[in-house]
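*Asks:* with the sequence up front, the predicted model follows.
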Amino acid sequence: MSQEPLRVVVAKPGLDGHDRGAKVIARALRDGGVEVIYTGLHQTPAQIVATAIQEDADGIGLSVLSGAHMTLFTEVVDRLRQADASDITVFGGGIIPEADIPLLLERGVAALFTPGTSTQQVVEWVTTGMRPRNGTTRTAGATVG
């Protein structure tokens, strides 16, 4: 029985149009054996959650550089709870003041990565620290077939 790779939706919520970091993380995760679904720019929290559920994602990685991190991260976590999908892990990064990190973690964000974090650190956290959703048998780096 083959195992499927972890599935992560990488998303850019809100009006922030700077997606280079999200694309770099998406590529690094893919190279690390994670199946990545990149949603593109200007996604609403509702669209992100709908995509994650539709794609049977294990996690959602958010990139926020606009300063709206408190609102956007919280809304994604809240919408997952409302959809009975709180087993989808939310993590992210961007320009997040140090004082806001504990608040976001309390609200249900699993991990936050700020500027200077290496892609290797993010990949390692996802592949070792993130659990597959609903007890599925997914692992990072597994080959399918």
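*Replies:* Received, thanks.
*Asks:* tell me the SS of the residue most central in space within the chain?
*Replies:* The residue lying closest to the centre of the chain (C-alpha atoms, centre = their mean) is residue 61, at 1.5 Å. Secondary structure for residue 61, judged by DSSP: H, G, I helix; E, B strand; the rest coil, is strand.
*Asks:* tell me the secondary structure at the nearest residue to it once chain neighbours are set aside.
*Replies:* With C-beta to C-beta, 6 or more residues apart in numbering as the criterion, residue 61 has its nearest non-adjacent residue at 4.6 Å, and that residue is residue 10. (Each C-beta comes from the backbone N, C-alpha and C, glycine too.) The assignment at residue 10 comes out as strand when based on three-state DSSP.
*Asks:* tell me how many other residues surround residue 10.
*Replies:* Residues within reach of residue 10, counting by other C-beta atoms under 10 Å, total 27.
*Asks:* what sits against residue 106?
*Replies:* Listed by C-beta atoms under 8 Å, 6 or more residues apart in numbering, the contact set of residue 106 is empty.
*Asks:* pLDDT value on the residue nearest to residue 40 when sequence neighbours are not counted, please?
*Replies:* Nearest non-adjacent residue to residue 40, counting by C-beta to C-beta, 6+ apart: residue 12, 7.0 Å away. Note on residue 12: pLDDT of 95.
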